[in-house]
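Participant: Need the 3D shape of this:
(chains A and B)
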2 protein chains.
Amino acid sequence: MISKEDFTKLHLEISPYTHRTPVLTSDLLNKLAKTEIYFKCENFQKMGAFKMRGATAAILALSKKERAKGVVTHSSGNFAQAVSLSAKNLGIPAYIVMPSSAPQVKKDAVKTYGGQITECEPNIKARETAAEKIQKETGATFLHPSNDLNVIYGQGTGAKELLEDFPDLDIIITPVGGGGLIAGTALAVDFYTKKCKTIGAEPFEVDDAYRSLKTGKIETNSSTNTIADGLKTQLGDKNFPIIQKFVSEIIRVEEEEIINAMKLIWERMKIVVEPSSAVAFAAILREKEKFRNKKVGIIISGGNVDLSNLPF
Amino acid sequence: MISKEDFTKLHLEISPYTHRTPVLTSDLLNKLAKTEIYFKCENFQKMGAFKMRGATAAILALSKKERAKGVVTHSSGNFAQAVSLSAKNLGIPAYIVMPSSAPQVKKDAVKTYGGQITECEPNIKARETAAEKIQKETGATFLHPSNDLNVIYGQGTGAKELLEDFPDLDIIITPVGGGGLIAGTALAVDFYTKKCKTIGAEPFEVDDAYRSLKTGKIETNSSTNTIADGLKTQLGDKNFPIIQKFVSEIIRVEEEEIINAMKLIWERMKIVVEPSSAVAFAAILREKEKFRNKKVGIIISGGNVDLSNLPF
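Facilitator: Residues are numbered from 1 along each chain as shown, chains lettered A, B, ... in the order given. A predicted model of the protein is given here:
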């Protein structure tokens, strides 16, 4: 596990390639939630999501020789864009395996950031096979979007910045998907605060992390019918122990609550956030008593949405 | 006409009741437009639009005796909310005449901010009659949303802040509706800069200000088929002379360009802006040569949109 000193150093190292995102507040939403909320706006991050931090950290951790051969990942979402852009920033090739069914807009975004796309059948086996083939052919290093320690550390730097700006937060809450963001956040909270707790938020529809904490082993989802498309993945063996050790609890929310929370953020704060980001705010609204009169930080995970397909 | 000293003082006086809104930039949009754009985000202003500045300035300009009797306006848009909220902030009554056809969400917003609504038939005659009746009965002062010198001065304080943050702008561009924002902006530009120009932007569909500058008299619109619902109104005798004197030109844009510009801002900057705000950015994209390699400020007028009725 990383030390506090190395974590601080890692933050410094990724800083030239990432934005220090602003923290926004809203009197109206505070009144509504009866608490004091600090929104860490990773929707304003480069390529529109916190994933930029982890991808940059993971590439910076590679040796010069490894870097020269490039990086490979399979993703149809934000991590594909994050790897493409951070590889471009660091002057190395990025090979992105995407399911042929991925929306053209996502393929275009990856291309814009310089990623080299290999299309495959839309199933996880085909994705893994294609990525392995590229690894063998090019010698590129495979990067996992959430179950990679350097990725986890990178994702935690958002919480570090938030705590530098607002050191006396009582709680930081993040959405939970593959577990990279919440694990990194929990580490930062442990490093830089005394009294702050880390809480996760998850849709009932994909409550694998909630169940994993209950059973003590990594659970999966039999179905993934949630609007929070970034949260459909499961935890991994690298982030789960960190989550077990440092995360107080995971709050689950209904789909309707996610849409309502997302609409409130758009309408009241005038910012574009992904459904996954709204999950954490929905959790605060659902369990108001738990957050009452507390100072709560939320990591707004990203803002990449398809405007032609909104839930309201 | 106000002096520079009094304008500076007015800005100080409204400051406790308004936000100093942030200025955002986007590398991607700069590349696209081949210029350097500074977005003054009045969508983050209290009640979600620059109108808060003018309404506050107008109420502060009233005598103690006048204030006690309250203020009245007729509006179904942002000015109704701005008058309601600034009256509430200053502890005086606000009487708002709204057409019975106004969306419930707008009536609710006015009520939230403490405005007392009188409903009337949805035509300008009925609105004026109802407002006059309230004036007579209560002694309240009528506030015009754009053709009132104090309102105009208030609206100009956004440009003042933008120029304090970025003193070397070449151009500031704003949308043109009733003329209050552009007139106030042009005054601030004249007060605080030497080389900066003020340019207006308007939909072709309601190009009354463009035609007014050509003919030298206030023109009206025979139809108002634009998505930029805040720009349907015409200039007035107080703001037109200021616009004639200080505004370099008015650029007109097509409806499709407005929607495209709005979508670009939402997608790339992750902020919610009104169609009216996108008009100014659309003008830059339409006349790229004019803005090439310039430093351009845009007043993003507001972010109050009906999320269930988006053009994309």
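
Participant: For residue A:19, list the residues it contacts.
Facilitator: Shown in contact with residue A:19 (Cβ atoms under 8 Å, 6 or more residues apart in numbering or on different chains): A:44, A:45, A:46. Any C-beta I mention is one placed from the backbone N, CA and C, and that applies to glycine too.

Participant: Would you mind giving the secondary structure of it?
Facilitator: Secondary structure assignment for residue A:19 (DSSP: H, G, I helix; E, B strand; the rest coil): coil.

Participant: Could I get the phi/psi values of it?
Facilitator: With angles defined as degrees, to the nearest 10, residue A:19 sits at phi -80, psi 140.

Participant: I'd like the distance from it to residue A:266, if you could.
Facilitator: Taking Cβ to Cβ, to the nearest Å as the measure, residue A:19 falls 21 Å from residue A:266.

Participant: again with residue A:149
Facilitator: From residue A:149 to residue A:266 the distance is 35 Å (Cβ to Cβ).

Participant: Over to residue A:185?
Facilitator: Remark: distance between residue A:185 and residue A:266 (Cβ to Cβ) = 24 Å.

Participant: what about these two, which has more around it?
Facilitator: More neighbours surround residue A:185 than the other of residue A:185 and residue A:266, with 33 against 22 (other Cβ atoms under 10 Å in any protein chain shown).

Participant: So the more buried one lies in a strand, does it not?
Facilitator: No: counting by three-state DSSP, residue A:185 falls outside a strand, being helix.

Participant: ok, for it, nearest residue in space, not its chain neighbours?
Facilitator: Nearest non-adjacent residue to residue A:185, counting by Cβ to Cβ, 6 or more residues apart in numbering or on different chains: residue A:159, 4.2 Å away.

Participant: do the same with residue A:62
Facilitator: In space, residue A:62 comes closest to residue A:141 once its chain neighbours are excluded; the distance is 5.9 Å by Cβ to Cβ, 6+ apart.

Participant: For chain A, just list every one of the helices.
Facilitator: Here chain A has its helices, by DSSP state H, at A:4-14, A:27-33, A:51-60, A:64-69, A:78-89, A:104-112, A:124-138, A:149-165, A:180-192, A:208-215, A:239-246, A:255-264, A:275-286, A:288-291.

Participant: which helices and strands does the first one pack with?
Facilitator: I take that to be helix A:4-14. Applying 3 or more Cβ pairs under 8 Å, 6 or more residues apart in numbering or on different chains; DSSP states H and E, one finds that helix A:4-14 makes contact with helix A:51-60, helix A:149-165, helix A:180-192.

Participant: possible to save these as CSV with mean pLDDT?
Facilitator: Formatted as CSV, these follow (pLDDT from 0 to 100):
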stretch, mean pLDDT
helix A:51-60, 98
helix A:149-165, 98
helix A:180-192, 98
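
Participant: For those, give me TSV that also has distance to residue B:210.
Facilitator: Shown next, in TSV, are the helices and strands packed on helix A:4-14 (distance: least, Cβ to Cβ, whole Å):
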stretch	distance to residue B:210
helix A:51-60	43
helix A:149-165	45
helix A:180-192	49
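
Participant: and the residue of the stretch 1-150 of chain A nearest chain B?
Facilitator: residue A:43 (4.5 Å; Cβ to the nearest Cβ).

Participant: Check whether that residue really touches residue A:300, as I assumed.
Facilitator: Yes: applying Cβ atoms under 8 Å, one finds residue A:43 in contact with residue A:300, separated by 5.3 Å.

Participant: Between those two, which contacts overlap?
Facilitator: Taking Cβ under 8 Å, 6+ apart as the contact rule, residue A:43 and residue A:300 both touch A:271, A:273, A:277.

Participant: what about the first one, neighbour count?
Facilitator: A count of neighbours around residue A:271, defined by other Cβ under 10 Å, yields 24.

Participant: got the contact list for it?
Facilitator: Residue A:271 sits next to A:24, A:39, A:41, A:43, A:265, A:300, A:303, B:270, B:271, B:272 when contact means Cβ under 8 Å, 6+ apart.

Participant: 10 Å instead?
Facilitator: Residue A:271 makes contact with A:24, A:26, A:39, A:41, A:43-44, A:265, A:277, A:300, A:303, B:43-44, B:266, B:269-272, B:303, according to Cβ atoms under 10 Å, 6 or more residues apart in numbering or on different chains.

Participant: quick one, domains of chain A?
Facilitator: A:4-46+A:148-300, A:52-142 (automatic domain parsing).

Participant: Any chance of these in TSV with distance to residue B:167 as columns?
Facilitator: Compiled in TSV, these are given as follows (distance: least, Cβ to Cβ, whole Å):
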stretch	distance to residue B:167
domain A:4-46+A:148-300	22
domain A:52-142	31
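
Participant: returning to what we had before: and for the residue of the stretch 1-150 of chain A closest to chain B, the neighbour number?
Facilitator: Residues lying near residue A:43 (other Cβ under 10 Å) number 25.

Participant: Phi and psi next, for the closest residue to it other than its chain neighbours.
Facilitator: The spatial neighbour of residue A:43 that comes closest, neighbours along the chain excluded (Cβ to Cβ, 6+ apart), is residue A:303 at 2.9 Å. Here is the backbone geometry of residue A:303 (degrees, to the nearest 10): phi -140, psi 20.

Participant: what do you get for residue A:61?
Facilitator: Dihedral angles for residue A:61 - degrees, to the nearest 10 - are phi -80, psi -10.

Participant: Identify the residues contacting it.
Facilitator: Contacts for residue A:61 (Cβ under 10 Å, 6+ apart) come out as A:10, A:13, A:67, A:141, A:148, A:149, A:150, A:151, A:153, A:154.
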